[in-house]
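K.L.:
sharing a model prediction with you, sequence too.
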Amino acid sequence: MGRAPASARWPLRPVPPQLAARYRAQGFWRDQTLGDFADAGLRQGAGRELRVWSETRPWRSTLGGERDRALLLAAGLRGLGIRPGDAVAFQVPNWAEAAVSFYAIAMLGGVLVPIVHFYGPKELRFILEQSGARALISAARFRQTDYREGLAGLRGSLPELETIVVLGGEAPAGCASFEALLASDPLPGPLPVDPDGPAVVAYTSGTTADPKGVIHSHNTILAEVAQLAAIRPDDGRALLVGAPVAHGIGMLSGLLLPLCKGRPIQLIDVWDPKRVLEIMLEADLSAGSGATYFLTSLLDHPDFEPRHLERMPNIGLGGAPVPAAVAERAEGLGISIIRSYGSTEHPSTTGAAHDEPAEKRMYSDGHALPGVELRLVDESGKEVAPGVPGEILSRGPDRFVGYTDPQLSAAAIDAEGWYRSGDVGILDAEGWLTITDRVKDIIIRGGENVSAAEVEEILMRMPGVAEVAVVAAPDARLGEHGCAFFRMQAGAALPDLDAVRRQLAAAGLAKQKWPEEIRGAEEFARTPSGKIKKFVLRDALRREA
């Protein structure tokens, strides 16, 4: 008897049969596997470029050449005992080998477990253990990090981890060499697996401390690719992707969408705004889509000039809150902005097209995308009226099929397929959604709920402010009060508390919602998608209290 695949440990929460039938009838689900999709895209675009912009590991090849390497790696992994259905993790920066690993695991029929390259030993061990990964592909080192130091003890302490593959340096004892695996005879082509079975386990970095393993089937992840391809603008230029390809945004934008849209793949392993601006001109690339940070870091840089604007006529923002001030600034420069809303669990929930009204595109997070349904409910689960805040429930062809933790799955997905997002929003009468807060991002001041997002939106309009994060600080009298952390633009001074109060008073915000502390931050701890890790700020305040 063969061993059970690692995925057998996950009691999935599949889409209800009537919804699955609808998604197939409407063409959202085509029962194609991720391996078949990758193989077809790489073959059809065989002559297009794959380029990695890196000081330490630059690379320039073709999609056809990387397909050949992926089939060699897939055969090498198979020779080490990896079989369809096995979970295979990889922790590689935005290098060509990350793309090769992704495509190879998919074509082998493995379950992809991408791990962002800046996760440390604690997070790595947690993900490997919970996912039941049979193999790990790891870089030897990247910048100041030597990953090999933490690899030696993994196999002995994680019995399901049978194979560790190391690239770009000497492999520690007991580990295989990535380069040596490419000497195998190639796999003839993708191996068959169930398109409703698990394809990707994406671990949310999240703005809370504990990562969650989010499972997507082949059908749901490819439905997401199709959703994004339908709303993403295409002015003929490739997009330079700096989000880690081991995170959902980087994976979709960097490795999957180019195959769907017939574009080259352009990756950068370190997001240095100055270098990105140089590359945009050198290679005629677009950049700045994704989380707000990727756009504002370019707009704020002193080297930004009109020639860059010509290369970013259309920008899609999502993956992190999009302040109205940022949308207004971009539109004022002639950049058409669309805002979208989603999560690792349900990636493309809402969005918009660039030919839709600017007022809607700039000041809301879009409308439900094709096949997606939305409900907003109050604390008792009753649906709220248009214009009334409520928790966002969603379902659609790209909704995940469960967490690796079955208790989380049961709490998040109901029998009718609705996913509880934990986000709060307002749906207007025309169906446009505006995110107003996270359920966990409420400051409870003296028993009154204060929306951090509402305060942040006003403070972002202060002169010289690049970013602001408002979080709950412990308060002996009130329980909690607001603390505003500011990251300022170059040369701008941190506002004092009086200036903040004047700004909020002028906006008409109730005084009890005003923050009572001001802090400066040179940079914020971020998730791979660019979100500010607010739990880091809250933890620091609690330690000081």
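P.N.:
Happy to help now that I have it. Computed from a predicted model, the values in this text were never measured in an experiment. Numbering: from 1, shown residues only.
K.L.:
run through who's touching stretch 501-521.
P.N.:
The contact list for stretch 501-521, computed with Cβ atoms under 8 Å, 6 or more residues apart in numbering, reads 445-446, 448, 450-451, 454-455, 458-459, 461-462, 469-470, 473, 475, 481-488, 494-497, 500. Where C-beta positions appear, they are placed from N, C-alpha and C, glycine not excepted.
K.L.:
which of these fall within strands?
P.N.:
445, 448, 450-451, 469-470, 473, 475, 481-488 (DSSP state E).
K.L.:
return the member of these nearest to Ile532.
P.N.:
Closest approach to Ile532 among these (Cβ to Cβ): Ala469, at 4.8 Å.
K.L.:
residues in contact with that closest one?
P.N.:
452, 456, 484-485, 521, 524, 532, 534, 537 are the contacts of Ala469 under Cβ under 8 Å, 6+ apart.
K.L.:
and it, bridged to which residues?
P.N.:
Using DSSP bridges, the bridge partners assigned to Ala469 are Phe485.
K.L.:
how near is it to Gly482?
P.N.:
Using Cβ to Cβ, to the nearest Å, Ala469 is found at 11 Å from Gly482.
K.L.:
what do those two both touch?
P.N.:
Common contacts of Ala469 and Gly482 (Cβ under 8 Å, 6+ apart): Ala452.
K.L.:
packing partners of the helix or strand hosting Leu277?
P.N.:
Here Leu277, judged by DSSP states H and E, is contained in helix 273-283. Counting contacts by 3 or more Cβ pairs under 8 Å, 6 or more residues apart in numbering; DSSP states H and E, helix 273-283 packs against strand 49-53, strand 240-241, strand 265-268, helix 292-299, helix 306-309.
K.L.:
mean pLDDT for the ones you listed: which is lowest?
P.N.:
Note on those: helix 292-299 shows the lowest mean pLDDT, a mean of 88.
K.L.:
how distant is it from the center of its chain?
P.N.:
16 Å (Cα atoms, centre = their mean, to the nearest Å).
K.L.:
with stretch 262-282 instead?
P.N.:
When distances are taken as Cα atoms, centre = their mean, stretch 262-282 is centred 18 Å away from the chain's centroid.
K.L.:
for stretch 226-241, same thing?
P.N.:
With Cα atoms, centre = their mean, you get 16 Å for stretch 226-241.
K.L.:
likewise stretch 105-124?
P.N.:
Here stretch 105-124 is found 14 Å from its chain centre; the criterion is Cα atoms, centre = their mean.
K.L.:
what comes up buried for it?
P.N.:
Buried residues in stretch 105-124, counted by 16 or more other Cβ atoms under 10 Å: 105-119, 123-124.
K.L.:
in space, what's closest to Leu541 - neighbours in sequence excluded?
P.N.:
Among residues not flanking Leu541 along the chain, Ala473 sits closest, at 4.4 Å (Cβ to Cβ, 6 or more residues apart in numbering).
K.L.:
where exactly do the helices run in the stretch 101-250 of the chain?
P.N.:
Under the criterion DSSP state H, counting those that start in this stretch, the stretch 101-250 of the chain contains helices at 121-131, 148-151, 154-157, 178-181, 218-231, 248-250.
K.L.:
just those helices: most buried one?
P.N.:
helix 248-250 (a mean of 26; mean count of other Cβ atoms under 10 Å).
K.L.:
quick one: mean pLDDT over that one.
P.N.:
Averaged over helix 248-250, pLDDT sits at 88.
K.L.:
distance from it to the middle of the chain?
P.N.:
Relative to its parent chain, helix 248-250 has a centroid offset of 4 Å by Cα atoms, centre = their mean.
K.L.:
next structured bit after it?
P.N.:
Sequence order places helix 257-261 as the next helix or strand after helix 248-250, per DSSP H and E.
K.L.:
pull the residues that contact that next one.
P.N.:
Residues outside helix 257-261 that contact it (Cβ under 8 Å, 6+ apart): 37-38, 40-42, 44-45, 48, 63, 225-226, 228-229, 232, 234, 238, 263-265.
K.L.:
output the helices and strands packed on helix 273-283 as a markdown table; include the columns distance to Val326 and mean neighbour count.
P.N.:
Formatted as a markdown table, the helices and strands packed on helix 273-283 follow (distance: least, Cβ to Cβ, whole Å; neighbours: other Cβ atoms under 10 Å):
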| stretch | distance to Val326 | mean neighbour count |
| --- | --- | --- |
| strand 49-53 | 25 | 21 |
| strand 240-241 | 20 | 26 |
| strand 265-268 | 22 | 25 |
| helix 292-299 | 6 | 23 |
| helix 306-309 | 15 | 13 |
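K.L.:
around Tyr341, count how many other residues there are.
P.N.:
Neighbourhood size, Tyr341 [other Cβ atoms under 10 Å]: 29.
K.L.:
let me fix that: Gly41
P.N.:
Gly41, neighbours per other Cβ under 10 Å, totals 23.
K.L.:
kindly report the same for Gly479.
P.N.:
Gly479 has 13 nearby residues by other Cβ under 10 Å.
K.L.:
for it, which non-adjacent residue is closest in space?
P.N.:
Computed as Cβ to Cβ, 6+ apart, the closest residue to Gly479 that is not its neighbour in sequence is Ile444, at 6.0 Å.
K.L.:
if that neighbour is in a bridge, with which residues?
P.N.:
For Ile444, the beta-bridge partners are Asn449 (DSSP bridges).
K.L.:
how about it, what does it touch?
P.N.:
By Cβ under 8 Å, 6+ apart, the contact set of Ile444 is 450, 472, 479-480.
K.L.:
picking that back up, mark which of the ones in strands among the contacts of stretch 501-521 are buried, thanks.
P.N.:
Neighbour counting by 16+ other Cβ under 10 Å classes 445, 450-451, 469-470, 473, 475, 481-488 among those as buried.
K.L.:
how about TSV for the helices and strands packed on helix 273-283, with distance to Val100 added?
P.N.:
Putting these into TSV (distance: least, Cβ to Cβ, whole Å) gives the following:
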stretch	distance to Val100
strand 49-53	9
strand 240-241	16
strand 265-268	11
helix 292-299	25
helix 306-309	31
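K.L.:
minimum distance to Thr350: which of those has it?
P.N.:
Evaluated with Cβ to Cβ, the helices and strands packed on helix 273-283 place helix 292-299 nearest to Thr350, the distance being 16.3 Å.
K.L.:
which helices and strands does the longest helix seen in the chain pack with?
P.N.:
Looking across the chain with DSSP state H, the single longest helix is helix 63-79. When contacts are defined as 3+ Cβ pairs under 8 Å, 6+ apart, helix 63-79 sits against helix 34-44, strand 49-53, helix 96-108, helix 178-181.
K.L.:
out of the ones you listed, flag the one nearest Ile392.
P.N.:
Using Cβ to Cβ, the nearest of the helices and strands packed on helix 63-79 to Ile392 is helix 34-44, at 27.4 Å.
K.L.:
bridged to the nearest residue to Ala246 once chain neighbours are set aside, which residues?
P.N.:
Leaving out its chain neighbours, the residue that sits closest to Ala246 by Cβ to Cβ, 6+ apart is Pro114, at 3.6 Å. Here Pro114 sits in beta bridges with Phe90, going by DSSP bridges.
K.L.:
contacts only, for Pro114.
P.N.:
Under the criterion of Cβ under 8 Å, 6+ apart, the neighbours of Pro114 are 89-90, 102, 200, 202-203, 245-247, 251.
K.L.:
re earlier: TSV for the helices and strands packed on helix 63-79, including distance to Gly318?
P.N.:
Formatted as TSV, the helices and strands packed on helix 63-79 follow (distance: least, Cβ to Cβ, whole Å):
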stretch	distance to Gly318
helix 34-44	22
strand 49-53	23
helix 96-108	22
helix 178-181	33
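K.L.:
between these, which gets nearest to Asp146?
P.N.:
In terms of Cβ to Cβ, the element of the helices and strands packed on helix 63-79 nearest to Asp146 is helix 178-181, at 15.9 Å.
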